[in-house]
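K.L.:
Only the shape, not the letters, is given here:
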């Protein structure tokens, strides 16, 4: 990709197809004022927020995107179904895009980097764009082979619709407003903070080639996903809170499920991985806190320089004609 293409890449929003998304927000903000209030509705909203947040973090993220533990095919389907009740698109779509994010984190190729595109795009803009609407099947072949997951990915609105119907049958329209609409909007933005805020606010313990940070508040909001610098340093672990004070509710539930045999082989970081920061000098530890912006600028400059070199080599090659030597491609 050329430097010019990087600067002018398409970041447009499809405002027509995004109407349901904004209508959902408007309804969640206005409707509570037109239904009877009861504290039990708030309890329902919070309970459904955290149950589905666990489905997103343990299902979409730690299992389907990173394969941080193993489970049966039946529970795999249930995880996918629960995650999709969050109305965050299909399981294969979600995991494939997340894998791409890790491969290109905070580079011009990253699909939701606040460093590259600002808060709005990293938080929600990329989801509302047509640019990433298709499922990157080539990035999720390991799970795309299951027909039931392909079914859920295609009919992504089925799980949240069934949940909404069930909530309405249990508590009528007021509970539907609080337990589904209000809870889902909060769930969306709770999840989205990991793409945006956790690359901006917090502390950095480990050297990574991106702007990931650890944030205690975001960990509480997202059942443990706020330990984002830990995660980007060593991605395929079932726990993202690596020390006793790092609250990770998703992992606690996975531990309980492991104890009864529902899941197995929970991956954890080795002591050498967890304690790698102890090898850093005081100067390095201090620099980690300001490293994201510095690293971002240096990385962009390096990428631009590499692009210029590649274009120069390509131009020289075209002038010289075919080369008898094999061309080595960056993997």
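P.N.:
Arrived safely, thanks for sending. All values reported here derive from a predicted model rather than from experimental measurement. Numbers count the residues shown, from 1 in each chain.
K.L.:
C-alpha only now, for contacts and for neighbours.
P.N.:
Noted.
K.L.:
Run through who's touching stretch 246-266.
P.N.:
54, 57-58, 68-72, 75, 216, 219-220, 223-225, 227, 237-241 (Cα atoms under 8 Å, 6 or more residues apart in numbering).
K.L.:
Could you pick out the buried ones from those residues?
P.N.:
Among the contacts of stretch 246-266, the ones that count as buried by 16 or more other Cα atoms under 10 Å are 54, 57-58, 68-71, 216, 219-220, 223-225, 227, 237-241.
K.L.:
In the chain, where is pLDDT below threshold?
P.N.:
Low-confidence segments of the chain, defined by pLDDT under 70: 1-10, 291-331.
K.L.:
Show only the entries of the contacts of stretch 246-266 found in helices.
P.N.:
Of the positions in the contacts of stretch 246-266, 54, 75, 216, 219, 220 sit in helices, assigned by DSSP state H.
K.L.:
Which parts of the stretch 1-150 of the chain are helices?
P.N.:
With helices called from DSSP state H, counting those that start in this stretch, the stretch 1-150 of the chain shows them at 3-7, 19-30, 39-54, 73-84, 91-103, 114-123, 141-144, 147-154.
K.L.:
Pick the most buried one from those helices.
P.N.:
Across these, averaging neighbours per residue (mean count of other Cα atoms under 10 Å) puts helix 91-103 on top, at a mean of 21.
K.L.:
before we move on, the earlier item: so which of the ones in helices among the contacts of stretch 246-266 comes closest to residue 188?
P.N.:
Comparing those against residue 188 with Cα to Cα places residue 54 closest, at 12.8 Å.
K.L.:
That closest one is in contact with residue 223, isn't it?
P.N.:
Yes - Residue 54 lies in contact with residue 223 (Cα atoms under 8 Å); the separation is 6.6 Å.
K.L.:
ok now do the closest residue to residue 205 other than its chain neighbours, which residues does it touch?
P.N.:
Distance criterion Cα to Cα, 6 or more residues apart in numbering; nearest residue to residue 205, sequence neighbours excluded, is residue 277 at 6.4 Å. Counting by Cα under 8 Å, 6+ apart, residue 277 makes contact with 205, 206, 285.
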